[in-house]
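Chemist: Here's my sequence, what's the structure:
(one chain, ligands or ions: 1)
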Amino acid sequence: MNKRSFIKSTAMTGIAAAIGMDTLAALFDSKKNVPADLLASDADFWGKIRKDYLLKPDYINLENGYYNFVPQPTLEKYIQHIRDINYQASYYMRTVQWDNKTRMAAKLAEVAGCSPDELIITRNATESLDLVIGGQDWKAGDEAVMAVQDYGSMIDMFEQVSNRYGIKLVKVSVPNHPESDDDIVSLYANAITTKTKLMMVSHIINITGHILPIRKICDMAHSKGVAVMVDGAHAYGHFQYKIDDLNCDYYGTSLHKWMSVPLGAGFLYIKKTRIDKLWPLLGDGNKDMASIKRLNHTGTHPCATDLAVEDALDYYNMMGGEKKEKRMRYLQEYWTDKVRGLPRIILNTPKDLNRVCGIVNVGIEGINPVEMATRLMKEYKIFTVGIDYANVQGCRICPNVYTSLEELDIFVEALKSMAKKA
Ligand SMILES: Cc1ncc(COP(=O)(O)O)c(C=O)c1O
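Modeler: Reported below is the predicted structural model:
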(Lines give C-alpha, C1' and ligand atoms only; values in the text may rest on other atoms or scores of the structure.)
Protein backbone atom coordinates (compact mmCIF):
# COMPACT_ATOMS: atom_id res chain seq x y z
CA MET A 1 0.00 0.00 0.00
CA ASN A 2 1.47 3.37 -0.92
CA LYS A 3 1.15 6.44 1.29
CA ARG A 4 -1.88 7.79 -0.55
CA SER A 5 -3.86 4.53 -0.39
CA PHE A 6 -2.84 4.06 3.26
CA ILE A 7 -4.29 7.45 4.16
CA LYS A 8 -7.37 6.68 2.08
CA SER A 9 -7.96 3.35 3.81
CA THR A 10 -7.51 4.75 7.32
CA ALA A 11 -9.90 7.57 6.45
CA MET A 12 -12.39 5.00 5.20
CA THR A 13 -12.29 3.09 8.47
CA GLY A 14 -12.58 6.33 10.40
CA ILE A 15 -9.26 5.85 12.14
CA ALA A 16 -7.01 8.84 12.73
CA ALA A 17 -3.75 8.79 10.78
CA ALA A 18 -0.70 7.80 12.78
CA ILE A 19 1.79 10.44 13.76
CA GLY A 20 5.08 10.11 11.87
CA MET A 21 8.46 9.35 13.45
CA ASP A 22 9.54 13.01 13.45
CA THR A 23 6.38 14.23 15.18
CA LEU A 24 6.68 11.33 17.56
CA ALA A 25 10.28 12.24 18.35
CA ALA A 26 9.17 15.80 19.07
CA LEU A 27 6.36 14.52 21.30
CA PHE A 28 8.73 12.37 23.34
CA ASP A 29 11.26 15.16 23.43
CA SER A 30 8.69 17.52 24.89
CA LYS A 31 8.27 15.05 27.78
CA LYS A 32 11.89 14.15 28.30
CA ASN A 33 12.08 15.90 31.65
CA VAL A 34 8.83 14.45 32.96
CA PRO A 35 9.61 11.60 35.38
CA ALA A 36 8.55 8.21 33.99
CA ASP A 37 6.28 7.65 37.02
CA LEU A 38 4.31 10.80 36.23
CA LEU A 39 4.18 10.31 32.48
CA ALA A 40 2.78 6.80 32.98
CA SER A 41 -0.63 8.25 33.87
CA ASP A 42 -0.68 11.11 31.32
CA ALA A 43 -3.82 10.16 29.36
CA ASP A 44 -3.33 12.92 26.79
CA PHE A 45 0.21 11.79 25.99
CA TRP A 46 -0.62 8.08 25.70
CA GLY A 47 -3.73 8.96 23.74
CA LYS A 48 -1.43 10.43 21.10
CA ILE A 49 0.68 7.26 21.08
CA ARG A 50 -2.53 5.26 20.72
CA LYS A 51 -3.08 6.92 17.35
CA ASP A 52 0.01 5.09 16.07
CA TYR A 53 -1.85 1.81 16.48
CA LEU A 54 -4.49 0.90 13.92
CA LEU A 55 -6.94 -0.61 16.40
CA LYS A 56 -9.68 -2.93 15.23
CA PRO A 57 -12.93 -1.48 16.58
CA ASP A 58 -14.50 -4.95 17.05
CA TYR A 59 -12.88 -5.67 20.43
CA ILE A 60 -10.67 -4.37 23.21
CA ASN A 61 -7.34 -6.10 22.74
CA LEU A 62 -6.00 -7.32 26.08
CA GLU A 63 -3.99 -10.08 24.37
CA ASN A 64 -0.82 -8.28 23.28
CA GLY A 65 1.26 -11.20 24.54
CA TYR A 66 1.21 -13.49 21.50
CA TYR A 67 2.75 -10.68 19.56
CA ASN A 68 2.68 -6.88 19.73
CA PHE A 69 1.17 -5.72 16.53
CA VAL A 70 3.30 -3.04 14.95
CA PRO A 71 2.60 0.71 15.29
CA GLN A 72 2.03 2.47 11.96
CA PRO A 73 5.36 4.36 11.76
CA THR A 74 7.29 1.07 12.08
CA LEU A 75 4.89 -0.71 9.73
CA GLU A 76 5.35 1.95 7.05
CA LYS A 77 9.14 1.64 7.30
CA TYR A 78 8.91 -2.14 7.14
CA ILE A 79 6.79 -2.00 3.98
CA GLN A 80 9.34 0.35 2.47
CA HIS A 81 12.14 -2.13 3.26
CA ILE A 82 10.20 -4.87 1.47
CA ARG A 83 9.85 -2.59 -1.55
CA ASP A 84 13.52 -1.56 -1.48
CA ILE A 85 14.85 -5.11 -1.22
CA ASN A 86 12.53 -6.28 -3.97
CA TYR A 87 13.71 -3.39 -6.13
CA GLN A 88 17.39 -4.16 -5.57
CA ALA A 89 16.80 -7.88 -6.04
CA SER A 90 19.81 -10.19 -5.60
CA TYR A 91 22.11 -7.19 -5.56
CA TYR A 92 20.92 -6.49 -2.02
CA MET A 93 21.53 -10.08 -0.96
CA ARG A 94 25.01 -10.19 -2.45
CA THR A 95 26.19 -6.84 -1.13
CA VAL A 96 24.86 -5.45 2.14
CA GLN A 97 22.55 -8.16 3.51
CA TRP A 98 24.98 -9.53 6.09
CA ASP A 99 26.50 -6.19 7.06
CA ASN A 100 23.00 -4.94 7.77
CA LYS A 101 22.17 -8.00 9.85
CA THR A 102 25.36 -7.54 11.87
CA ARG A 103 24.51 -3.87 12.42
CA MET A 104 21.00 -4.75 13.63
CA ALA A 105 22.39 -7.40 15.99
CA ALA A 106 24.75 -4.79 17.47
CA LYS A 107 21.84 -2.43 18.10
CA LEU A 108 19.88 -5.22 19.79
CA ALA A 109 22.90 -6.03 21.93
CA GLU A 110 23.15 -2.42 23.07
CA VAL A 111 19.60 -2.48 24.47
CA ALA A 112 20.05 -6.05 25.76
CA GLY A 113 23.23 -5.13 27.64
CA CYS A 114 25.61 -7.67 26.17
CA SER A 115 28.51 -7.75 23.72
CA PRO A 116 27.54 -7.75 20.01
CA ASP A 117 29.82 -10.79 19.58
CA GLU A 118 27.45 -12.76 21.79
CA LEU A 119 24.15 -12.13 19.99
CA ILE A 120 22.59 -13.35 16.76
CA ILE A 121 19.25 -12.56 15.15
CA THR A 122 16.98 -15.60 14.80
CA ARG A 123 13.41 -16.08 13.62
CA ASN A 124 11.93 -16.21 17.12
CA ALA A 125 12.42 -17.41 20.70
CA THR A 126 11.60 -20.96 19.65
CA GLU A 127 14.51 -21.10 17.22
CA SER A 128 16.86 -19.42 19.73
CA LEU A 129 16.05 -21.76 22.61
CA ASP A 130 15.72 -24.94 20.56
CA LEU A 131 19.16 -24.27 19.12
CA VAL A 132 20.55 -24.30 22.65
CA ILE A 133 18.56 -27.36 23.75
CA GLY A 134 19.31 -29.35 20.60
CA GLY A 135 22.90 -28.12 20.31
CA GLN A 136 24.20 -29.47 23.64
CA ASP A 137 26.62 -32.36 23.66
CA TRP A 138 24.12 -34.59 25.48
CA LYS A 139 25.17 -37.93 26.94
CA ALA A 140 22.81 -40.63 28.19
CA GLY A 141 22.07 -40.04 31.89
CA ASP A 142 22.50 -36.25 31.72
CA GLU A 143 19.73 -34.28 33.40
CA ALA A 144 17.93 -31.04 32.54
CA VAL A 145 15.77 -28.93 34.87
CA MET A 146 12.75 -26.86 33.84
CA ALA A 147 9.33 -25.81 35.17
CA VAL A 148 5.89 -27.12 34.25
CA GLN A 149 4.96 -23.45 33.68
CA ASP A 150 7.60 -23.06 30.93
CA TYR A 151 6.53 -22.65 27.33
CA GLY A 152 5.28 -25.91 25.78
CA SER A 153 7.45 -25.87 22.64
CA MET A 154 10.65 -25.75 24.66
CA ILE A 155 9.47 -28.61 26.84
CA ASP A 156 8.63 -30.50 23.61
CA MET A 157 12.20 -29.94 22.42
CA PHE A 158 13.61 -31.21 25.72
CA GLU A 159 11.38 -34.28 25.37
CA GLN A 160 12.74 -34.85 21.90
CA VAL A 161 16.38 -34.76 23.07
CA SER A 162 15.39 -36.90 26.04
CA ASN A 163 14.02 -39.59 23.71
CA ARG A 164 16.97 -39.28 21.41
CA TYR A 165 19.88 -39.24 23.88
CA GLY A 166 18.40 -40.77 27.03
CA ILE A 167 18.51 -37.67 29.22
CA LYS A 168 16.32 -37.21 32.28
CA LEU A 169 13.99 -34.22 32.57
CA VAL A 170 13.28 -32.85 36.04
CA LYS A 171 10.32 -30.47 36.29
CA VAL A 172 9.62 -28.11 39.16
CA SER A 173 6.38 -26.20 39.71
CA VAL A 174 6.73 -22.47 40.39
CA PRO A 175 4.26 -21.18 43.03
CA ASN A 176 2.13 -18.24 41.90
CA HIS A 177 2.74 -16.34 45.12
CA PRO A 178 6.23 -17.01 46.54
CA GLU A 179 7.10 -15.36 49.83
CA SER A 180 10.67 -14.59 48.85
CA ASP A 181 13.29 -15.05 46.13
CA ASP A 182 14.67 -17.88 48.23
CA ASP A 183 11.42 -19.83 47.72
CA ILE A 184 12.13 -19.83 44.00
CA VAL A 185 15.90 -20.27 44.14
CA SER A 186 15.66 -23.25 46.50
CA LEU A 187 12.99 -24.83 44.30
CA TYR A 188 15.45 -24.92 41.41
CA ALA A 189 18.43 -25.76 43.66
CA ASN A 190 16.66 -28.83 45.01
CA ALA A 191 16.12 -30.14 41.47
CA ILE A 192 19.85 -30.15 40.67
CA THR A 193 21.90 -33.34 40.95
CA THR A 194 25.49 -34.11 39.98
CA LYS A 195 24.15 -35.12 36.56
CA THR A 196 22.38 -31.83 35.79
CA LYS A 197 23.79 -30.18 32.70
CA LEU A 198 21.32 -27.48 31.72
CA MET A 199 18.55 -25.56 33.44
CA MET A 200 15.82 -23.66 31.61
CA VAL A 201 14.25 -20.74 33.48
CA SER A 202 11.60 -18.33 32.23
CA HIS A 203 12.52 -14.71 32.84
CA ILE A 204 8.80 -14.08 32.88
CA ILE A 205 6.38 -16.99 32.97
CA ASN A 206 4.16 -16.62 29.93
CA ILE A 207 0.93 -17.90 31.48
CA THR A 208 1.06 -15.65 34.54
CA GLY A 209 3.46 -12.75 33.91
CA HIS A 210 5.47 -13.82 36.98
CA ILE A 211 9.05 -12.44 36.80
CA LEU A 212 11.64 -14.78 38.30
CA PRO A 213 14.85 -13.79 40.19
CA ILE A 214 17.14 -14.79 37.34
CA ARG A 215 20.42 -13.47 38.72
CA LYS A 216 20.02 -15.39 41.97
CA ILE A 217 19.02 -18.57 40.14
CA CYS A 218 22.03 -18.29 37.81
CA ASP A 219 24.47 -17.68 40.66
CA MET A 220 23.08 -20.68 42.53
CA ALA A 221 23.19 -22.92 39.41
CA HIS A 222 26.75 -21.87 38.57
CA SER A 223 27.87 -22.66 42.10
CA LYS A 224 26.78 -26.22 41.30
CA GLY A 225 28.35 -26.25 37.80
CA VAL A 226 25.03 -26.03 35.91
CA ALA A 227 24.47 -23.81 32.86
CA VAL A 228 21.31 -21.69 32.67
CA MET A 229 19.27 -20.95 29.58
CA VAL A 230 16.79 -18.10 30.11
CA ASP A 231 13.56 -17.92 28.14
CA GLY A 232 13.11 -14.16 27.81
CA ALA A 233 10.32 -14.24 25.22
CA HIS A 234 8.16 -11.83 27.20
CA ALA A 235 10.90 -9.74 28.78
CA TYR A 236 12.80 -7.88 26.04
CA GLY A 237 11.17 -4.51 25.38
CA HIS A 238 8.73 -5.08 28.25
CA PHE A 239 10.85 -4.15 31.27
CA GLN A 240 14.47 -3.12 31.64
CA TYR A 241 17.43 -5.36 32.43
CA LYS A 242 20.91 -6.08 31.16
CA ILE A 243 21.82 -9.60 30.13
CA ASP A 244 25.34 -9.11 31.52
CA ASP A 245 23.77 -8.41 34.94
CA LEU A 246 21.72 -11.62 34.79
CA ASN A 247 24.85 -13.79 34.56
CA CYS A 248 23.07 -16.41 32.45
CA ASP A 249 24.71 -18.65 29.84
CA TYR A 250 22.06 -18.42 27.12
CA TYR A 251 19.18 -16.00 26.59
CA GLY A 252 16.54 -16.33 23.89
CA THR A 253 13.72 -13.98 23.06
CA SER A 254 11.24 -13.02 20.36
CA LEU A 255 11.36 -9.50 18.97
CA HIS A 256 7.81 -9.53 17.62
CA LYS A 257 6.53 -9.60 21.19
CA TRP A 258 7.28 -6.57 23.35
CA MET A 259 9.83 -4.96 21.02
CA SER A 260 7.16 -4.70 18.30
CA VAL A 261 9.35 -5.85 15.42
CA PRO A 262 7.24 -7.23 12.55
CA LEU A 263 6.57 -10.98 12.81
CA GLY A 264 9.48 -13.39 12.45
CA ALA A 265 12.36 -12.06 14.53
CA GLY A 266 14.12 -13.03 17.72
CA PHE A 267 17.61 -13.12 19.16
CA LEU A 268 19.89 -15.55 20.90
CA TYR A 269 22.58 -14.52 23.35
CA ILE A 270 25.32 -17.00 24.15
CA LYS A 271 27.99 -16.27 26.74
CA LYS A 272 31.37 -16.11 24.97
CA THR A 273 32.79 -19.08 26.82
CA ARG A 274 29.87 -21.29 25.70
CA ILE A 275 29.86 -20.46 21.97
CA ASP A 276 32.42 -23.06 20.88
CA LYS A 277 30.57 -25.83 22.71
CA LEU A 278 27.26 -25.65 20.84
CA TRP A 279 26.24 -27.58 17.76
CA PRO A 280 24.47 -25.39 15.17
CA LEU A 281 20.86 -26.01 14.18
CA LEU A 282 21.75 -25.60 10.50
CA GLY A 283 25.25 -26.23 9.12
CA ASP A 284 27.36 -23.21 8.12
CA GLY A 285 30.58 -22.63 6.17
CA ASN A 286 32.06 -20.63 9.04
CA LYS A 287 34.22 -23.10 10.97
CA ASP A 288 35.54 -20.63 13.53
CA MET A 289 34.35 -22.31 16.73
CA ALA A 290 34.61 -19.07 18.73
CA SER A 291 32.34 -17.15 16.33
CA ILE A 292 28.66 -16.98 17.18
CA LYS A 293 27.97 -16.46 13.48
CA ARG A 294 28.62 -20.12 12.73
CA LEU A 295 25.41 -20.81 14.68
CA ASN A 296 23.40 -18.30 12.64
CA HIS A 297 22.85 -20.04 9.31
CA THR A 298 19.28 -19.46 8.17
CA GLY A 299 19.36 -19.88 4.40
CA THR A 300 17.55 -17.26 2.34
CA HIS A 301 15.08 -15.52 4.59
CA PRO A 302 12.82 -12.43 4.68
CA CYS A 303 15.58 -9.95 5.47
CA ALA A 304 13.24 -6.92 5.39
CA THR A 305 12.33 -8.05 8.92
CA ASP A 306 15.99 -7.66 9.93
CA LEU A 307 15.92 -4.07 8.71
CA ALA A 308 12.73 -3.33 10.62
CA VAL A 309 14.56 -4.26 13.84
CA GLU A 310 16.22 -0.85 13.69
CA ASP A 311 12.89 0.93 13.23
CA ALA A 312 11.31 -0.89 16.16
CA LEU A 313 14.34 -0.10 18.31
CA ASP A 314 14.13 3.56 17.27
CA TYR A 315 10.49 3.63 18.36
CA TYR A 316 11.34 1.95 21.67
CA ASN A 317 14.36 4.17 22.32
CA MET A 318 12.33 7.26 21.52
CA MET A 319 9.81 6.20 24.14
CA GLY A 320 12.58 5.20 26.55
CA GLY A 321 12.74 1.83 28.27
CA GLU A 322 11.94 3.28 31.67
CA LYS A 323 8.89 5.18 30.39
CA LYS A 324 7.55 2.10 28.68
CA GLU A 325 8.10 -0.10 31.74
CA LYS A 326 6.44 2.40 34.05
CA ARG A 327 3.45 2.72 31.70
CA MET A 328 3.07 -1.06 31.61
CA ARG A 329 3.20 -1.25 35.41
CA TYR A 330 0.77 1.63 35.77
CA LEU A 331 -1.84 -0.03 33.55
CA GLN A 332 -1.43 -3.33 35.36
CA GLU A 333 -1.79 -1.82 38.81
CA TYR A 334 -4.71 0.33 37.65
CA TRP A 335 -6.93 -2.68 37.01
CA THR A 336 -5.53 -5.20 39.50
CA ASP A 337 -5.97 -2.74 42.41
CA LYS A 338 -9.67 -2.53 41.56
CA VAL A 339 -10.29 -6.28 41.73
CA ARG A 340 -7.76 -7.61 44.25
CA GLY A 341 -9.52 -9.20 47.20
CA LEU A 342 -12.98 -9.22 45.63
CA PRO A 343 -14.99 -12.39 46.19
CA ARG A 344 -14.32 -15.15 43.64
CA ILE A 345 -11.69 -13.15 41.75
CA ILE A 346 -8.30 -14.85 41.84
CA LEU A 347 -5.11 -13.10 40.78
CA ASN A 348 -2.56 -15.74 39.77
CA THR A 349 0.39 -13.33 39.60
CA PRO A 350 2.36 -11.82 42.51
CA LYS A 351 1.66 -8.21 43.55
CA ASP A 352 5.29 -7.43 44.43
CA LEU A 353 6.59 -5.10 41.70
CA ASN A 354 9.88 -7.05 41.58
CA ARG A 355 7.86 -10.02 40.35
CA VAL A 356 5.41 -8.45 37.92
CA CYS A 357 5.25 -5.78 35.23
CA GLY A 358 2.41 -5.48 32.67
CA ILE A 359 1.06 -9.04 32.42
CA VAL A 360 -1.24 -10.62 35.00
CA ASN A 361 -3.39 -13.74 35.01
CA VAL A 362 -6.83 -13.51 36.60
CA GLY A 363 -9.38 -16.25 37.19
CA ILE A 364 -12.94 -16.42 38.49
CA GLU A 365 -13.88 -19.17 40.90
CA GLY A 366 -16.45 -21.47 39.29
CA ILE A 367 -15.73 -20.41 35.69
CA ASN A 368 -13.48 -22.45 33.44
CA PRO A 369 -10.75 -20.17 31.96
CA VAL A 370 -11.57 -20.99 28.34
CA GLU A 371 -15.24 -20.28 29.00
CA MET A 372 -14.20 -17.07 30.77
CA ALA A 373 -12.26 -15.89 27.69
CA THR A 374 -15.14 -16.84 25.41
CA ARG A 375 -17.62 -14.93 27.54
CA LEU A 376 -15.36 -11.88 27.82
CA MET A 377 -15.28 -11.74 24.05
CA LYS A 378 -18.92 -12.57 23.43
CA GLU A 379 -20.56 -10.51 26.16
CA TYR A 380 -18.07 -7.64 26.60
CA LYS A 381 -16.02 -7.60 23.38
CA ILE A 382 -12.79 -8.06 25.30
CA PHE A 383 -10.15 -10.25 23.71
CA THR A 384 -7.94 -12.30 26.08
CA VAL A 385 -6.69 -15.88 26.26
CA GLY A 386 -7.89 -18.54 28.72
CA ILE A 387 -5.19 -20.67 30.36
CA ASP A 388 -5.90 -23.93 32.13
CA TYR A 389 -2.78 -25.88 32.99
CA ALA A 390 -0.20 -26.39 35.71
CA ASN A 391 -1.28 -24.27 38.72
CA VAL A 392 -2.90 -21.59 36.56
CA GLN A 393 -6.59 -21.27 35.81
CA GLY A 394 -7.51 -17.88 34.43
CA CYS A 395 -7.21 -15.42 31.57
CA ARG A 396 -3.88 -13.82 30.74
CA ILE A 397 -4.32 -10.06 30.58
CA CYS A 398 -1.77 -8.22 28.44
CA PRO A 399 -2.52 -4.53 27.86
CA ASN A 400 -0.02 -2.48 25.85
CA VAL A 401 1.14 1.12 26.19
CA TYR A 402 -1.76 2.31 24.02
CA THR A 403 -4.43 0.68 26.21
CA SER A 404 -6.77 3.30 27.69
CA LEU A 405 -8.12 3.45 31.24
CA GLU A 406 -11.64 3.41 29.76
CA GLU A 407 -10.89 0.03 28.23
CA LEU A 408 -9.56 -1.27 31.54
CA ASP A 409 -12.66 0.08 33.33
CA ILE A 410 -14.84 -1.97 30.97
CA PHE A 411 -12.72 -5.01 31.74
CA VAL A 412 -12.95 -4.45 35.51
CA GLU A 413 -16.76 -4.11 35.32
CA ALA A 414 -16.93 -7.28 33.22
CA LEU A 415 -14.87 -9.18 35.81
CA LYS A 416 -17.02 -7.94 38.69
CA SER A 417 -20.23 -8.78 36.93
CA MET A 418 -19.06 -12.26 35.89
CA ALA A 419 -17.78 -12.99 39.41
CA LYS A 420 -21.12 -11.94 40.93
CA LYS A 421 -23.02 -14.32 38.71
CA ALA A 422 -20.57 -17.22 39.06
C1 LIG B 1 7.71 -17.94 27.42
C2 LIG B 1 7.68 -18.15 25.93
N3 LIG B 1 8.71 -18.75 25.36
C4 LIG B 1 8.75 -18.95 24.03
C5 LIG B 1 7.71 -18.56 23.23
C6 LIG B 1 7.79 -18.82 21.76
O7 LIG B 1 7.81 -17.62 21.04
P8 LIG B 1 7.81 -17.66 19.46
O9 LIG B 1 6.58 -18.38 19.03
O10 LIG B 1 7.84 -16.25 19.07
O11 LIG B 1 9.02 -18.42 19.07
C12 LIG B 1 6.60 -17.94 23.78
C13 LIG B 1 5.47 -17.52 22.94
O14 LIG B 1 4.46 -17.04 23.39
C15 LIG B 1 6.58 -17.72 25.18
O16 LIG B 1 5.54 -17.12 25.77
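
Chemist: Now do the helix ranked longest in the chain: distance to the chain's middle.
Modeler: If each helix of the chain is counted by residues according to DSSP state H, the longest one is helix 321-339. The chain centre lies 16 Å from the centre of helix 321-339; the measure is Cα atoms, centre = their mean, to the nearest Å.

Chemist: the residue most distant from the middle of this protein, which is it?
Modeler: Most distant from the centre of the chain: residue 421, at 34.5 Å, with distances by Cα atoms, centre = their mean.

Chemist: what does the longest helix of the chain rub up against?
Modeler: Residues from elsewhere that reach helix 321-339 (Cβ atoms under 8 Å, 6 or more residues apart in numbering): 31, 36-37, 39-41, 46, 111, 237-240, 316, 345, 347, 351, 353, 356-360, 362, 397, 399-401, 403, 405, 408, 411-412, 415-416. Every residue, glycine included, has its C-beta placed from N, CA and C.

Chemist: Strands along the stretch 201-350 of the chain, start to end?
Modeler: Per DSSP state E, counting those that start in this stretch, the stretch 201-350 of the chain carries strands over the ranges 227-231, 250-254, 266-270, 345-347.

Chemist: who wins for proximity to residue 173 among those strands?
Modeler: Closest of the strands of the stretch 201-350 of the chain to residue 173 is strand 227-231, at 16.1 Å (criterion: Cβ to Cβ).

Chemist: for that closest one, packing partners?
Modeler: Applying 3 or more Cβ pairs under 8 Å, 6 or more residues apart in numbering; DSSP states H and E, we find strand 227-231 packed against helix 125-134, strand 196-202, helix 214-223, strand 250-254.

Chemist: mind redoing it with 6 Å?
Modeler: Identification of packing neighbours for strand 227-231 by 3 or more Cβ pairs under 6 Å, 6 or more residues apart in numbering; DSSP states H and E yields strand 196-202, helix 214-223.

Chemist: Mean neighbour count, the strands of the stretch 201-350 of the chain: which tops it?
Modeler: Highest mean neighbour count of the strands of the stretch 201-350 of the chain: strand 250-254, a mean of 29 (counted as mean count of other Cβ atoms under 10 Å).

Chemist: For the residue of the stretch 251-400 of the chain found nearest the ligand, list each beta-bridge partner.
Modeler: Using Cβ to the nearest ligand atom, the closest approach of the stretch 251-400 of the chain to the ligand is made by residue 254 at 3.5 Å. The bridge-partner assignment for residue 254, based on DSSP bridges, gives residue 266.

Chemist: Which residue comes closest to residue 349 once chain neighbours are left out?
Modeler: The shortest distance from residue 349 to any non-neighbouring residue, by Cβ to Cβ, 6 or more residues apart in numbering, is to residue 360 (4.3 Å).

Chemist: show me what contacts the one you found?
Modeler: Contacts for residue 360 (Cβ atoms under 6 Å, 6 or more residues apart in numbering) come out as 209, 332, 336, 349, 397.

Chemist: just residue 97 next, same as before
Modeler: Counted by Cβ under 6 Å, 6+ apart, residue 97 has contacts residue 303.

Chemist: Look up the pLDDT of it for me, please.
Modeler: Predicted confidence (pLDDT) for residue 97: 96.

Chemist: so how far is the ligand from it?
Modeler: 23 Å (Cβ to the nearest ligand atom, to the nearest Å).

Chemist: just to revisit the earlier point, I only care about the contacts of residue 360 that end up buried; give me the PyMOL line for that.
Modeler: Buried members of these, defined by 16 or more other Cβ atoms under 10 Å, are picked up in PyMOL with:
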select buried, resi 209+332+336+349+397
